[in-house]
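S.K.: give me the fold of what follows.
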Amino acid sequence: MSPSTATTPSATPPPALGAEPVPVRVPRAVERLVKGQPTSDGAGVRLTRVLSGNLQRRLDPFLMLDAFGSDEAADYLGGFPDHPHRGFETVTYMLEGRMRHKDSAGHEGLLTPGSVQWMTAGRGVIHSEMPEQEQGRMEGFQLWLNLPAKAKMSDPWYRDIRPEDIPAWQGAGVTARVIAGRTHGVAGAVEREATEPLYLDLHFAPGAAFEQPLPAAHNAFVYVYRGVLAIGETEVPAGRMAVLANSAGSDGVRLVCAGAGDGEGARALLLAGRPLNEPIAQYGPFVMNTHEEIFQAVEDFRAGRLA
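M.R.: The predicted structure is shown next:
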């Protein structure tokens, strides 16, 4: 699949992601709610682009978030035939369905319900993501995570993470699947030094609450995909992304399932990361720091140097 406002951290050193025990005393508020835009990608796959180019600076180091989900085979059967990437990482998280990955670096894997595919495109890779089903539901997310300038031309890397290999934390009415980063003392399946990404899939029982420490300078957002969550005074319904304010002195976020009265729980993604604060130059599947690097990426692709 193919300027944030600077804030000054408080004098007190910010907590590390997931450090325990650290109660959240000054939770972040919602800066704005974002409704994703329906679109299609690949060979006609219908999806919702939740995080797009106009939010890349604000939510640095995150470049894109797509949500896909349909019971209609025609919405996903075309899949994502061979296409190139350079300069960032893709993180694909499947909720339902089966998708086969193949790439020019010789990697191949099958995404199944609950699994994650983490791919570092680095200096360049050509890959495909094709459904291995002709009926039933296919649902999940793809996140694009930027690479620092010094790593954009690194060797491609790939890892399939099975559902049983994703660590989980269980609290009072809340389960957190820890794809990246740390929460409540549980280390995730992947860690990255430059961007320190936190990627949690949170499952809430009605009325349950969850707190996560966050460094004040990290950019963060919540995407609700089932039920309704409350973040401070703001209710966030399914299908909305809440961009969390970078308020000086804030030390985390508190989420509450707002479905206590109707018996409905909620599910949401919580993502946070350390901004790279580097220039972003993007042309389709290439994300570099300068236009000259983009021109080189296009030339390399056309000359077959990404294969």
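S.K.: which residues in this structure form helices?
M.R.: Applying DSSP state H to the chain gives helices spanning 291-302.
S.K.: now the residue nearest the centre of it, nearest residue through space, not along the chain?
M.R.: Centroid-nearest residue in the chain: residue 143, 3.9 Å away (criterion: CA atoms, centre = their mean). With CB to CB, 6 or more residues apart in numbering as the criterion, residue 143 has its nearest non-adjacent residue at 4.3 Å, and that residue is residue 91. Every C-beta, even on glycine, is put in place using the N, C-alpha and C of the backbone.
S.K.: relative to residue 129, how far out is the one you found?
M.R.: Separation of residue 91 from residue 129 (CB to CB, to the nearest Å): 13 Å.
S.K.: any idea what the residue nearest to residue 69 when sequence neighbours are not counted is bridged to?
M.R.: Spatial nearest neighbour of residue 69, chain neighbours left out: residue 139 (3.6 Å); criterion: CB to CB, 6+ apart. Residue 139 has these beta-bridge partners by DSSP bridges: residue 69, residue 96.
S.K.: residue 139 touches residue 96, doesn't it?
M.R.: Yes. Contact criterion CB atoms under 8 Å: residue 139 and residue 96 qualify, at 4.5 Å.
S.K.: for those two, list the residues in contact with both.
M.R.: Common contacts of residue 139 and residue 96 (CB atoms under 8 Å, 6 or more residues apart in numbering): residue 69.
S.K.: neighbours around the closest residue to residue 78 other than its chain neighbours, how many?
M.R.: Using CB to CB, 6+ apart and skipping the chain neighbours, the partner closest in space to residue 78 is residue 43 (3.0 Å). Residue 43 sits with 13 neighbouring residues when counted by other CB atoms under 10 Å.
S.K.: thought residue 43 was touching residue 76?
M.R.: No. Counting by CB under 8 Å, residue 43 does not reach residue 76; the two are 9.6 Å apart.
S.K.: so what's residue 128 bridging to?
M.R.: Taking DSSP bridges, one finds residue 102 as the beta-bridge partners of residue 128.
S.K.: quick one, what contacts it?
M.R.: Applying CB under 8 Å, 6+ apart, the residues near residue 128 are 79-83, 100-103.
S.K.: make a markdown table out of those and add neighbour count.
M.R.: As requested, these are exported to a markdown table (neighbours: other CB atoms under 10 Å):
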| residue | neighbour count |
| --- | --- |
| 79 | 17 |
| 80 | 20 |
| 81 | 11 |
| 82 | 13 |
| 83 | 18 |
| 100 | 14 |
| 101 | 20 |
| 102 | 15 |
| 103 | 20 |
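S.K.: how about residue 121, nearest residue that isn't a chain neighbour?
M.R.: In space, residue 121 is closest to residue 85, 3.6 Å off (CB to CB, 6+ apart).
S.K.: any idea how many residues pack against the nearest residue to residue 73 once chain neighbours are set aside?
M.R.: Leaving aside its chain neighbours, residue 73 sits nearest to residue 135 (5.4 Å; criterion: CB to CB, 6+ apart). Number of residues near residue 135 (other CB under 10 Å) recorded here: 9.
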